[in-house]
Each structure stands twice: as structure tokens, then as C-alpha cells.
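J.: coords please:
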Amino acid sequence: MSDVRPSRRVVVTGIGLITPVGTGTQESWSALLAGESGVGPITQFDTTDHPVTIAGEVSDFDALDFIGRKDAKKMDRFIQFSVAAAKLAAEDAGLAIPVDNPTRCGVLIGVGLCGLQTIESAGEILRTKGPRRLSPFMLPRLISNLAPGQVSIHLGAEGPNFGVVSACATGAHSVGEAMRKIERGDADVIFAGGSEATVTPLGVAGFAAMKALSKRNDDPERASRPFDASRDGFVVAEGAGVLVLESLEHARGRRARIYAELAGYGQSSDAHHITQPEPNGRGAIRSMTAALNDAGLDSDAIKYINAHGTSTSAGDAAETKAILKVFGEHAHRLWVSSTKSMTGHMLGAAGAVEAAVCALAIHHGQVPPTINLDTVDPACTLDYVPHTSRAGSVDVALSNSFGFGGTNVSLVLKRCEK
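T.: Take a look at the predicted model:
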């Protein structure tokens, strides 16, 4: 008798978003459909000596709306975002806190760069006041796995608990790995996603030193312009996205509202360069193909792609090449948009937020636009849904997330059929 478990179907039943365009899922979704930009002048630190002075900040977030004052002091901003997004997702899914049947509920939330804010402030204390003045909470504030750890504590979730770290693919990897755990029967419910809070002097200066960021300091709302001929780099941003994933049986058993089914997960490596994508998109081709194969779908089943689309010259062109290769003639019938044109690049949170956008597009029959796309780069030849959101049935969507080091993830979501 075989001991291999049958694979279980996985669905999205709750979404918690904290983004530069709004705190809360409905707030973020409405702003994205309206084509609103969340990019502006940095307010969290003095940018006088910085070559880049703009970012996608979460301006309307108050940790005390979600976390007690004493607990909030023990958390870096990325952990606060994680706990808040998870609580929003639980509420959206209609799940109690603490969760029911806690040993069957897990948390997989990743962060790309951990607690830079805490590292910088602790470094200053160490330099000016000495080691005895460091807080005993300094390390727990900044460690990456304290994002899922604190969420687990606040939700009472006793199942699988860890964080994935894969740069800009972190959130998507977290969702994909959570999907696998539910498929195998390791959990019935998993809070999955990503978080990031690197709008700090070190974070912004570091990306600027790499020549990765847009320098449109005088026109911040138009700085993130994926696929546009005049793009000059991405805009660093912060935020979090957490999805409640459940086995289909569990969701139906409690009569949950289902946004979409998470049907396919593909991953690959470029094995090419520490920061630049492989020019012909070979890794992206493999991750998209693997996700489609995992979902058991032909490429022409896809209606919408939420592109990685960071607004970098090399990245946008390589992704376009990859889409053309995977989808052939159908590529020109796809709706492809980059919500990073509005949020900026939330790094470790981006993949989770964008997977959530795909679920919302399927549920609502609306696709957010790519704003600031005034003159399409001749190397980018797809329908990028410029400027204005688009209404129409979306049965199947794909989300791409690619990270430094050449790590690639593609997720396929579809309308949940009986």
C-alpha cells in the first residue's frame, strides 16, 4: 500500500495588503485600479546628501492599530507590517484569532533584507554609547524569521513556521512553498507572503550605489515606468502582502469565500549574474513553463500576467522576451501589467502582493494598469494595459517574480471551479 498522499487543491480565501497606495486590501486595490501612484519624497530620514530622494513609503500605517505598544517596540517595521497584514488577511478570510485547530495552521512569511532600520539605529548606539546600551530586543527585532514568528505568536498558529529569503522573489517563493505544504497535507491553512521595510539611509543609498534606482527626484509619481522607453531604474518601496491559503476541502467545509485557486508553481535560476537577468530570459522561460505544467494548463489559457516589471532597462526587456517565447502568438492577446508602476518595488513583499493582485483580478474581473507608460520601448511589444485599468473576465492569471542572484518564480492562479 502506497504511503504517498494525494495532492490537495489549494485556494486563496483571505488577503491582507499594506502598500504605498494604501493600508488595507480594499484601499490598495481601489488605488491600483484608479492608477494612483504611491511614490513620493522620502519622509523617514533626511535625504540631503542622497542622490535618490524618492521611495514608495507606507504613509498611513500606524502599528498601534494592530499591535499593542509594548509588543510593537519589540518589532522592526517589517515585522509590524507582517503582523498587521496577517491580521487583515485573517479578518478578510473570516478566521478567528487565535486560530482554530492551531497545529494545522502555519505561517510562511519572508523578507528580503531583514531589519535595516534596527541595524542602523543599533550601530549608531554601539558607536556613540557603547555595547552596554544595546537593547536586549535588538536581535529579535531584526531577524528575518521573526516576521513569521511574531505572526505565529499573535495568531496562535502552531503549524509550519519559517521565512523564505530570495530577494525580490521572496514573497512568491513563500506562497509557492506554502502551496506545496498544503498539497502534501502538512497543514490545512497557511498565512503566506512577504514583507519589507528598507526605506532607510542604508537601504536607499545601497541601491543607489548599484545604479539601480530612478533619479527622477523632481517627478516622483512618474519615476516608476515599466516598459517605457525613458525608464531609468526602479523605485524602492516598502510594505507587506499576506494571503490565507487553504485546502479546498477545508475552505468549503467552513463555507469560505474563495478568491481563486492557486494552481501552479514554477521556479528556476538564471545562473548568470548577481544582479542582471539573463538577457534572453532563459530562467524566466523555465519558471513560467514549469508553473503552467504544474497547473496542467496550456499557455493559451492565461488571460493576465502581473509582470515582474521593475522599470529597469535590462529586466523589462528580458521579461518581454521570455513571455514572447513561452506564449508565442498568444502573447499578443495577453493583458500584461506592472503594478510596480504604482507601488514601486516592495522587494521581498512584491511577489506576495502581486499574487494577491492576480487573485483579486480573477475575483473582480478587473486588471490594474501600468501607469507612466507614455512611450513604449521598441523592445517591449506586448499589451501592457497602459494608464487605465481594464474590465473583463479573467479565468487564469500568472504572476512573475525575479530576484537578484537570478532566482525566478512564477505562480498560476485560476478561477476555482467545482
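J.: Relative to the whole chain's centre, how far out is the top helix by length along the chain?
T.: Counting by DSSP state H, the longest helix found in the chain is helix 77-93. Put simply, helix 77-93 sits 14 Å off its chain's centre (C-alpha atoms, centre = their mean, to the nearest Å).
J.: do stretch 384-403 as well
T.: That offset, for stretch 384-403, works out to 15 Å (C-alpha atoms, centre = their mean).
J.: send the alpha carbons of it over as PDB?
T.: Output of stretch 384-403 as PDB, limited to C-alpha atoms (Å, rounded to 0.1, in the frame of the first residue of the first chain):
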ATOM      1  CA  TYR A 384       0.800  46.400 -21.000                       C
ATOM      2  CA  VAL A 385      -2.600  47.900 -20.200                       C
ATOM      3  CA  PRO A 386      -1.300  51.400 -20.300                       C
ATOM      4  CA  HIS A 387      -2.600  54.200 -17.900                       C
ATOM      5  CA  THR A 388      -6.200  52.800 -17.300                       C
ATOM      6  CA  SER A 389      -7.500  49.700 -15.600                       C
ATOM      7  CA  ARG A 390      -9.400  47.200 -17.800                       C
ATOM      8  CA  ALA A 391     -12.600  45.300 -17.000                       C
ATOM      9  CA  GLY A 392     -13.100  41.800 -18.300                       C
ATOM     10  CA  SER A 393     -13.300  38.200 -17.300                       C
ATOM     11  CA  VAL A 394     -10.000  36.800 -16.100                       C
ATOM     12  CA  ASP A 395     -10.200  33.000 -15.600                       C
ATOM     13  CA  VAL A 396      -6.500  32.300 -15.300                       C
ATOM     14  CA  ALA A 397      -3.600  34.700 -14.400                       C
ATOM     15  CA  LEU A 398       0.100  34.400 -13.900                       C
ATOM     16  CA  SER A 399       2.400  36.300 -11.600                       C
ATOM     17  CA  ASN A 400       6.200  36.700 -12.200                       C
ATOM     18  CA  SER A 401       8.800  37.500  -9.600                       C
ATOM     19  CA  PHE A 402      12.500  37.500 -10.300                       C
ATOM     20  CA  GLY A 403      15.300  38.300  -7.800                       C
END
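J.: quick one: buried residues of it?
T.: Neighbour-count burial for stretch 384-403, counted by 16 or more other C-beta atoms under 10 Å, picks out 384-386, 389-390, 394, 396-403. Placement of C-beta: from N, CA and C, glycine included.
J.: how about the residues you listed, which pair is most distant?
T.: By the measure C-beta to C-beta, R390 and G403 form the most distant pair in those, at 28.1 Å.
J.: which one among the buried residues of stretch 384-403 gets closest to V52?
T.: G403 (20.5 Å).
J.: Surely A251 forms part of a helix?
T.: Yes. Under DSSP: H, G, I helix; E, B strand; the rest coil, A251 falls within a helix.
J.: I figured it hits V12, correct?
T.: No. Counting by C-beta atoms under 8 Å, A251 sits too far from V12 to count as a contact (9.1 Å).
J.: Need the residues touching each of the two.
T.: I258 (C-beta atoms under 8 Å, 6 or more residues apart in numbering).
J.: who has more neighbours, the two?
T.: Applying other C-beta atoms under 10 Å to A251 and V12 shows that V12 carries more neighbours, namely 31 against 25.
J.: one step back: would TSV of the buried residues of stretch 384-403 with pLDDT, secondary structure and distance to G163 be doable?
T.: TSV is the format used below for those (pLDDT from 0 to 100; DSSP: H, G, I helix; E, B strand; the rest coil; distance: C-beta to C-beta, whole Å):
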residue	pLDDT	secondary structure	distance to G163
Y384	98	coil	32
V385	98	coil	32
P386	98	strand	36
S389	98	coil	33
R390	98	strand	35
V394	98	coil	30
V396	98	strand	29
A397	98	strand	25
L398	98	strand	24
S399	98	strand	20
N400	98	strand	21
S401	98	strand	16
F402	97	strand	19
G403	96	strand	14
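J.: Out of the residues you listed, flag the one nearest to H363.
T.: For those, the nearest to H363 is V394 (8.9 Å; C-beta to C-beta).
J.: which ones are touching the closest one?
T.: Contacts of V394 by C-beta under 8 Å, 6+ apart are 303-304, 335, 361-362, 365, 367, 415.
J.: Which of the residues you listed fall within strands?
T.: Of these, the ones assigned to strands by DSSP state E are 304, 335, 367.
J.: Neighbour count and pLDDT for the residues you listed - can I get that in CSV?
T.: As requested, these are exported to CSV (neighbours: other C-beta atoms under 10 Å; pLDDT from 0 to 100):
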residue, neighbour count, pLDDT
Y304, 26, 98
W335, 21, 98
V367, 27, 98
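J.: which of the residues you listed lies closest to R77?
T.: Using C-beta to C-beta, V367 comes nearest to R77 of the ones in strands among the contacts of V394, at 30.5 Å.
J.: list the contacts for that closest one?
T.: V367 neighbours (C-beta under 8 Å, 6+ apart): 304, 335, 337, 361, 385, 389-392, 394.
J.: One more: I305?
T.: 323, 334-337, 397-400.
J.: Apply 7 Å and report the result again.
T.: Applying C-beta atoms under 7 Å, 6 or more residues apart in numbering, we find I305 in contact with 323, 334, 336, 398, 400.
J.: which two in these are spaced the farthest apart?
T.: L334 and N400 (12.0 Å).
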